[in-house]
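J.: Predicted coordinates and the sequence they were generated for:
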Amino acid sequence: MNKIIILVLTVALVITFLSCGEKDKKNSEGKVDIVFWHSFVSSTIPALNELIDKFEKEHPNINIDAQYIPSGDALIQKLVTAIRSKTAPDISWLHSDFLEDLVEADAIYKMDEFINGENGITKEDLADIYPALIQFSSWRGTLYSLPMEATNLALLYNKEMFRKAGLDPNKPPATWDELYEYAKKMTLDKDGDGKDDQTGMFIPIYPAAGPLGSWMVWQWEPFLWQAGGDVINDEQTKVLFDSDGGVKALELWQKIFRDLNLRNFTSDFDVAFASKRLAMSMDGPWNLPRYKDLLKNIDWAFAPLPTGPSKQATVVGGEYLAIFKQSKHPDEAWEFLKWIIQPETQAFWAMKSGYLPIRHAVLKVPEFQKYLEENPNFNVFVQQMEVGHVQKPIDYGGLEITRYIAQAIENATIGNQDVRKSLKEAADKSNKLLQSVKKK
């Protein structure tokens, strides 16, 4: 009997404990804790901390618990695991490719539930966000997240190496032909030992199956668009990256990779650039804060990506914030998202982090206008938003199709396989996947 009584009391205590845990959890200071998962690089963390401090001062009842999670596959796998174990964060930083899995798992809120609520935002506020970013905040036409910042790619180059090669440092390569020509001219074996001591251009080739495979594809896509190509058709019934535009784009990468002998070059391009062993590379605005110190002894600059056979283009991306249905405090989580997209907050975040603002109204903030005048390298990225393109959202199989493209790039560069063959193999797999998916 005593054992039964003890068992009943134990169960009662456990139920009481769990029920208390289900109530609104507040920390010892009486504040609501919001867990925020992100994958910002180390150089961005100080800016993120300043942003969070600013929010918490303006919202003394909310504490943001920012937790770093490695990006790429590691993040989505951890999210899926957390959802299953009911330990999901309140808010998470996402890539657009993640939306399919999270929506299918019924894990995140539709933004309309907050936008149209009592503490919502106006249609004018929503329309002010760059359409490309809204497109990638959505899945199948429904908004499930909001962008936190924008990014694009530009060309980082060493002005002193240009001068020594007889090139005008104020006239970076404007076309593909010039990009290849300048890259070859600045690739040098200075001591005649058969090994290059200086490399003219870095092409980001990573293992397709690794965590940087999608990052490689993201950097290849501007060249695809510059050549008149695209990833998938509007109906999402067929991929297009194996078209003539795709072939031209991958042939350029293959040519640079092969002729500059990048097989033996480090993947740590930023270290190579800082060590004066690399003349040019693609990079984004997120590295501007760290370059102030890392490149302080180098005469460097950013320039728009060269124009391709068809047009000028860069890739526009960003990270998106979603609110999870397991959150005990969705309203407070929304308060954080709503605050982040305000023009003044976006201006503050852009100036501190090096990321680009997500909406047009930021350009009217006086402090930001002054910042652009004083930071011409950052202004290159802002101006490139006018020629920015976005990946067409792939409703189903987006991660798999990205891996197929990554494999084609790897096969054509490291494997030196015929470009058209590599792309066709990837396209065949992708189309087979599209045909097998039951569209809803």
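T.: That came in fine, so what should we check first?
J.: how much space between M148 and G318?
T.: 7 Å (CB to CB, to the nearest Å). Heads up, the C-betas are built off the backbone N, CA and C, glycines and all.
J.: What of Y180?
T.: 30 Å.
J.: wait, what's in contact with the most centrally placed residue in the chain?
T.: Taking CA atoms, centre = their mean, the centroid of the chain lies closest to G318, which sits 4.7 Å from it. Contact analysis of G318 by CB atoms under 8 Å, 6 or more residues apart in numbering lists L133, F136, P147, M148, E149, A150, T151, Y355, I358.
J.: Would you confirm that Y109 contacts A322?
T.: Yes. Y109 is in contact with A322 according to CB atoms under 8 Å; the separation is 7.5 Å.
J.: Which one's more surrounded, these two?
T.: Neighbour tally, Y109 and A322, criterion other CB atoms under 10 Å: the higher count belongs to A322, 25 against 18.
J.: mean confidence score for the helix or strand containing that one?
T.: A322 belongs to strand 314-323 when assigned by DSSP states H and E. If you average the pLDDT over strand 314-323, you get 92.
J.: what packs against whatever helix or strand comes next after that strand?
T.: For strand 314-323, the following helix or strand on the C-terminal side (DSSP H and E) is helix 330-340. Contact here means 3 or more CB pairs under 8 Å, 6 or more residues apart in numbering; DSSP states H and E; on that basis helix 330-340 packs against strand 32-38, helix 45-58, strand 62-68, strand 91-94, helix 112-115, strand 146-152, strand 314-323, helix 343-353.
J.: got the residue ranges for the strands in the stretch 51-200 of the chain?
T.: All strands of the stretch 51-200 of the chain, identified by DSSP state E, counting those that start in this stretch, fall at 62-68, 91-94, 138-139, 142-143, 146-152, 154-158.
J.: Nearest to G229, out of the ones you listed?
T.: strand 146-152 (18.2 Å; CB to CB).
J.: Also compute the angle for that closest one relative to helix 45-58, please.
T.: 150 degrees (axes from the mean of the first three to the mean of the last three CA atoms, to 10 degrees).
J.: Common neighbours of M148 and G318, please.
T.: Common contacts of M148 and G318 (CB under 8 Å, 6+ apart): Y355, I358.
J.: if we can go back for a sec, on the strand side of things, show who the residue nearest to the centre of the chain bridges to.
T.: A150 (DSSP bridges).
J.: Quick one: neighbours of V380, just the number.
T.: By the other CB under 10 Å criterion, the neighbourhood of V380 contains 17 residues.
J.: In what element of secondary structure is it found?
T.: Judged by DSSP H and E, V380 forms part of helix 376-384.
J.: in that helix, what counts as buried?
T.: N377, F378, V380, F381, V382, Q384 (16 or more other CB atoms under 10 Å).
J.: residues contacting the fourth one?
T.: Counting by CB under 8 Å, 6+ apart, F381 makes contact with T151, N152, A154, G284, P285, F302, L356.
J.: Kindly export the helix holding V380 (C-alpha atoms) in PDB.
T.: Extracted C-alpha coordinates of helix 376-384, given in PDB (Å, rounded to 0.1, in the frame of the first residue of the first chain):
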ATOM      1  CA  PRO A 376      31.800  53.000 -50.900                       C
ATOM      2  CA  ASN A 377      32.500  49.300 -50.700                       C
ATOM      3  CA  PHE A 378      29.300  48.700 -48.900                       C
ATOM      4  CA  ASN A 379      27.500  50.900 -51.400                       C
ATOM      5  CA  VAL A 380      28.600  48.600 -54.200                       C
ATOM      6  CA  PHE A 381      26.400  45.900 -52.700                       C
ATOM      7  CA  VAL A 382      23.500  48.200 -52.100                       C
ATOM      8  CA  GLN A 383      23.600  49.400 -55.700                       C
ATOM      9  CA  GLN A 384      23.800  45.800 -57.000                       C
END
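J.: Many thanks, have a good one.
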